[in-house]
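Novice: Predicted model and sequence below, questions to follow.
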Amino acid sequence: MHTPEPARTPEPTHPHDADRLARIRRTVSRLLDEDAHREVSATLRESLADRIYRTVHAVPGRRGDVFASDRVAYAAMVAEAERRLGDLTHDRTGFTLVSRDAGRTVVTCPDGVDVALDERHVRLSAAGDVTVTASGLSTQVGARWVYWTPHQSGDAMDARVYLHARPDDALDAWSGAVRTLHGAGIEFAAKVGGSAAMLDRTDCVVLYCAADDLARVASAAAANCADPVESVPGFSVALYPGVGVALTPEADTGAVAMSIGYYWARTLVEAWDANGTPGLDAVLTRLARSWERTRRQLRVPEAV
């Protein structure tokens with residue numbers, strides 16, 4: 001089992017939020033002005049939001065497409081993740097035994113679906129109760145992300161930690177952070193890019209957690225990545241070199257289920273379409289307040 005030795009957590013970085021907001025405003029204004037002469041249809045709105053998301057938040061590296069997938073590389077990465085984290089399991093109850101035969105056990109899940117499992121992952125008590133030993137590792141149909149989602153992770157995942165690891169270090173950093181947080185008993189979920197292109201993004205590793213755990217999760221991410229790329233996703237607060245953090249927007253719905261970065265990109269486009277430059281500035285003011293709220297949560301001030 002490969003367990004990289006974590007480095008010390010670096011000192012926080014405190015870039016001027018006003019400077020970052022000014023850069024975002026210039027970038028977004030330039031992108032929107034390119035299509036200012038066109039009627040803004042629903043399709044164009046989505047295209048503009050996607051362009052802002054790729055340019056400001058999930059910035060691709062030299063390898064190109066921010067959403068690229070490579071199924072061969074993905075399968076190899078999943079296998080390596082299983083090798084590294086296969087010993088981190090949790091027990092799940094509520095299953096009903098259907099049959100056991102030739103090393104294969106069929107059980108009915110709590111939702112009524114029958115699944116076949118390796119008998120090594122199923123325990124049957126004398127009373128007939130079935131317990132399944134499960135891994136937090138999961139995959140995605142589109143082969144873009146490898147996920148770690150422990151069974152106990154709750155719904156209140158209202159904070160994000162983005163780690164901009166170097167492509168060759170990302171799996172080490174992700175698996176190291178997973179092991180650290182699992183050992184600490186923190187409720188979290190994590191994902192890592194599943195292709196060379198996905199690993200070359202500013203958000204190649206993303207950790208989900210409750211706001212109250214944000215500082216600890218960010219520290220674990222930083223400690224498990226000794227040599228990050230310094231930049232962070234544009235809509236996040238730059239906490240450490242290569243580590244950005246964000247809270248889901250207040251008084252809004254849908255941000256938990258979707259990307260926080262895409263939420264801000266879409267909201268900027270909608271405000272610009274409805275109210276022009278004043279609408280754009282109003283959303284950027286909300287973004288600044290979100291950053292202030294994040295800093296208060298972390299008790300980390302902005303540089304003077």
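Specialist: Happy to help now that I have it.

Novice: helices or strands up against the longest strand seen in the chain?
Specialist: Longest strand of the chain, by residue count under DSSP state E: strand 89-101. With contacts defined as 3 or more CB pairs under 8 Å, 6 or more residues apart in numbering; DSSP states H and E, strand 89-101 has these neighbours: strand 104-108, strand 122-124, strand 130-135. Every C-beta, even on glycine, is put in place using the N, C-alpha and C of the backbone.

Novice: Pull the distance from the shortest one to the chain's centre.
Specialist: In terms of CA atoms, centre = their mean, to the nearest Å, the centre of strand 122-124 is set 33 Å apart from its chain centre.

Novice: ok, the closest residue in space to residue 163 that isn't next to it in sequence - contacts?
Specialist: Leaving aside its sequence neighbours, residue 163 sits nearest to residue 205 (CB to CB, 6 or more residues apart in numbering; 3.9 Å). By CB atoms under 8 Å, 6 or more residues apart in numbering, residue 205 lies in contact with 162-165, 170, 173-174, 177, 190-193, 221, 225.

Novice: Bridged to residue 205, which residues?
Specialist: Per DSSP bridges, the residues bridged to residue 205 are residue 163, residue 192.

Novice: so which helix or strand takes in residue 246?
Specialist: Remark: residue 246 resides in strand 243-247, with elements defined by DSSP states H and E.

Novice: and the helix or strand that that strand is followed by, average pLDDT?
Specialist: Following strand 243-247 in sequence order, the next helix or strand is helix 260-298 (DSSP H and E). Per-residue pLDDT over helix 260-298 has a mean of 95.

Novice: Which strands or helices does helix 260-298 pack on?
Specialist: Looks like helix 260-298 contacts helix 17-33, helix 42-52, helix 214-223, strand 237-240, strand 243-247 (3+ CB pairs under 8 Å, 6+ apart).

Novice: Flag every buried residue along it.
Specialist: 260-272, 279-280, 283-284, 286-287, 290-291, 293-295, 297-298 (16 or more other CB atoms under 10 Å).

Novice: Kindly report the same for stretch 90-99.
Specialist: residue 95.

Novice: And for stretch 109-117?
Specialist: Using 16+ other CB under 10 Å as the test for burial, stretch 109-117 gives residue 117.

Novice: before we move on, what about stretch 21-32?
Specialist: 21, 24-25, 28, 31-32.

Novice: Now do residue 287 against residue 158, distance only.
Specialist: Going from residue 287 to residue 158 by CB to CB, to the nearest Å gives 16 Å.

Novice: Grab the nearest non-local neighbour of the residue nearest in space to the middle of the chain.
Specialist: In the chain, the residue lying closest to the centroid (CA atoms, centre = their mean) is residue 206, at 2.8 Å. In space, and not counting its chain neighbours, residue 206 is closest to residue 191: 5.2 Å by CB to CB, 6+ apart.

Novice: Could you double-check that the one you found lies in contact with residue 201?
Specialist: No: contact criterion CB atoms under 8 Å: residue 191 and residue 201 do not qualify, at 11.6 Å.

Novice: and the two? which has more neighbours close in?
Specialist: Set residue 191 next to residue 201 and count neighbours by other CB atoms under 10 Å: residue 201 wins out with 26 against 21.
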